[in-house]
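S.K.: structure of the sequence below:
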Amino acid sequence: MKISTLFFLLSVFWVNLGAVETSPAATPAPAVKEKSLEEVAAQRWTEMNTERIAASADGQPVTLSEIRQQITPFLKEIRNKTKNDSEFNKAIDDLAGEILTQISDRQLVIADFKNNMGKIPASYVDSDIEDTVRRDFGGDRNRFVAALRTQGLTPLSYRKQIEDRITFEYMVGQIRRSAINVGPGRILEYFNKHQAEFTHKEVINFRQITINHGAAESAAEAKSRAEAWALAINDSSKIAPTLAQYKITTRTKATPSTFTEIAELISEDDYASKGGNVGWKSLDELNERVVSELKKLKDGEVSGCLQFDLPGGKSVWFILKREGYKPAGPDTLDNQSVRDVIEDRVRAEAMKAAVDEWLKELRAKNHVEIK
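M.R.: Next up, the predicted model:
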């Protein structure tokens with residue numbers, strides 16, 4: 001694609017970035033007759049506006065303007081990342097090649113759909129356009145049409161764009177769905193190959209009950225309430241009297257007996273609805289006093305109440321229950337979160353491989369010519 005890319009570089013580089021400054025150390029070029037301003041202006045006008053076919057896919061042309069439209073938004077970023085003109089030109093050349101391949105593949109996919117399945121129902125395209133008009137233009141079709149004009153589009157050409165997009169997404173979606181199922185064998189294979197990636201820090205699993213200093217309580221009363229609940233949780237015979245003392249009613253006649261049930265009833269934090277379940281946490285995420293207290297406990301044991309003083313004279317109390325502990329080390333497939341991560345990765349790889357193989361077959365069956 002040397003000719004088409006070179007032409008593209010001429011038409012975009014000068015328009016968007018201006019001439020690149022020559023290094024002071026560069027060897028001066030031989031003297032040539034300077035062009036008049038009129039000749040330079042005419043040449044740049046030609047470079048900016050000449051249209052050419054860069055490639056054809058299954059007989060459908062890919063034009064320079066299509067490539068230019070997609071590459072222009074990245075010019076500034078590429079300019080900032082490259083050190084000199086040579087790097088810049090190569091980066092542009094590489095990106096133009098990728099875009100040319102993408103456009104060609106897209107046309108092959110759309111042609112394959114039309115040859116084998118016909119056309120997308122018009123109602124799909126109508127619905128998509130109506131959603132755009134309603135969402136982006138407040139339902140005003142005149143504003144929508146005016147916006148199309150600023151992009152050099154007509155309603156008919158825009159409709160074709162939408163039809164092509166829906167067609168392409170449908171075809172790619174069908175191929176991806178064929179690779180969506182991931183068996184345990186592939187999960188195990190991936191885990192064995194990437195085991196070094198699946199390690200964990202020292203972690204602990206716990207529940208908590210949070211008791212805040214009430215607006216109508218003195219500090220001593222709030223502390224007494226927190227201590228009463230810590231005692232009740234460790235001695236079930238004291239739960240009913242403590243509920244009565246603090247006038248707490250339950251949804252059922254049964255007296256709550258577990259840490260989880262009491263957390264749902266009295267805890268005053270975001271974990272209350274989960275029975276106080278904080279889950280597995282790395283020790284370096286937690287307060288040192290909380291870590292120290294949890295390490296003293298055995299799995300299933302409940303702490304006393306830990307008081308933390310807040311700015312402004314208020315305090316908060318925590319009652320903790322340790323559920324589990326893991327020293328730092330490698331993870332295993334018994335960890336559901338590890339299985340979920342691997343399953344997502346394997347599925348993504350399988351879907352990409354399926355699409356790549358399908359596109360390879362389409363290219364082999366159809367004629368793609370780079371001009």
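
S.K.: rest of the way, CA atoms for contacts and neighbours
M.R.: OK.

S.K.: run the chain-centre distance for the lengthiest helix in the chain.
M.R.: In the chain, assigned by DSSP state H, the helix with the most residues is helix 85-117. Between the centre of helix 85-117 and the centre of its chain there are 24 Å (C-alpha atoms, centre = their mean, to the nearest Å).

S.K.: tell me the mean pLDDT over the longest strand along the chain?
M.R.: The single longest strand within the chain, with elements called by DSSP state E, is strand 315-326. For strand 315-326, the mean pLDDT works out to 95.

S.K.: could you pull out the buried residues of it?
M.R.: Across strand 315-326, burial judged by 16 or more other C-alpha atoms under 10 Å covers 315, 316, 317, 318, 319, 320, 321, 322, 323, 324, 325.

S.K.: and what of stretch 267-280?
M.R.: Per 16+ other C-alpha under 10 Å, stretch 267-280 contains these buried residues: 267, 268, 271, 272, 275, 276, 277, 278, 279, 280.

S.K.: make JSON lines out of the residues you listed and add pLDDT, secondary structure and distance to residue 218.
M.R.: Output for the buried residues of stretch 267-280, formatted as JSON lines (pLDDT from 0 to 100; DSSP: H, G, I helix; E, B strand; the rest coil; distance: C-alpha to C-alpha, whole Å):
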{"residue": "267", "pLDDT": "95", "secondary structure": "coil", "distance to residue 218": "19"}
{"residue": "268", "pLDDT": "94", "secondary structure": "coil", "distance to residue 218": "18"}
{"residue": "271", "pLDDT": "95", "secondary structure": "coil", "distance to residue 218": "25"}
{"residue": "272", "pLDDT": "95", "secondary structure": "helix", "distance to residue 218": "24"}
{"residue": "275", "pLDDT": "95", "secondary structure": "coil", "distance to residue 218": "27"}
{"residue": "276", "pLDDT": "96", "secondary structure": "coil", "distance to residue 218": "25"}
{"residue": "277", "pLDDT": "96", "secondary structure": "strand", "distance to residue 218": "29"}
{"residue": "278", "pLDDT": "96", "secondary structure": "strand", "distance to residue 218": "29"}
{"residue": "279", "pLDDT": "94", "secondary structure": "strand", "distance to residue 218": "32"}
{"residue": "280", "pLDDT": "92", "secondary structure": "strand", "distance to residue 218": "35"}
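
S.K.: and these, which two are furthest apart?
M.R.: 268 and 280 (20.2 Å; C-alpha to C-alpha).

S.K.: could I get the buried residues of strand 315-326 as a markdown table with distance to residue 79?
M.R.: A markdown table is the format used below for these (distance: C-alpha to C-alpha, whole Å):
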| residue | distance to residue 79 |
| --- | --- |
| 315 | 56 |
| 316 | 55 |
| 317 | 56 |
| 318 | 55 |
| 319 | 57 |
| 320 | 56 |
| 321 | 57 |
| 322 | 55 |
| 323 | 54 |
| 324 | 53 |
| 325 | 51 |
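
S.K.: format the CA atom coordinates belonging to the helix or strand following the longest helix of the chain as PDB.
M.R.: Moving toward the C-terminus from helix 85-117, the next helix or strand (DSSP states H and E) is helix 122-137. Provided in PDB are the C-alpha atoms of helix 122-137 (Å, rounded to 0.1, in the frame of the first residue of the first chain):
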ATOM      1  CA  ALA A 122     -35.600  -2.300   7.500                       C
ATOM      2  CA  SER A 123     -37.300  -2.100  11.000                       C
ATOM      3  CA  TYR A 124     -33.900  -2.800  12.700                       C
ATOM      4  CA  VAL A 125     -32.300   0.200  10.900                       C
ATOM      5  CA  ASP A 126     -35.400   2.400  11.500                       C
ATOM      6  CA  SER A 127     -35.300   1.600  15.200                       C
ATOM      7  CA  ASP A 128     -31.600   2.400  15.500                       C
ATOM      8  CA  ILE A 129     -32.100   5.800  13.800                       C
ATOM      9  CA  GLU A 130     -35.100   6.600  15.800                       C
ATOM     10  CA  ASP A 131     -33.200   5.900  19.000                       C
ATOM     11  CA  THR A 132     -30.400   8.200  17.900                       C
ATOM     12  CA  VAL A 133     -32.800  11.000  17.000                       C
ATOM     13  CA  ARG A 134     -34.600  10.700  20.400                       C
ATOM     14  CA  ARG A 135     -31.400  10.300  22.500                       C
ATOM     15  CA  ASP A 136     -29.100  12.800  20.800                       C
ATOM     16  CA  PHE A 137     -31.500  15.300  19.300                       C
END
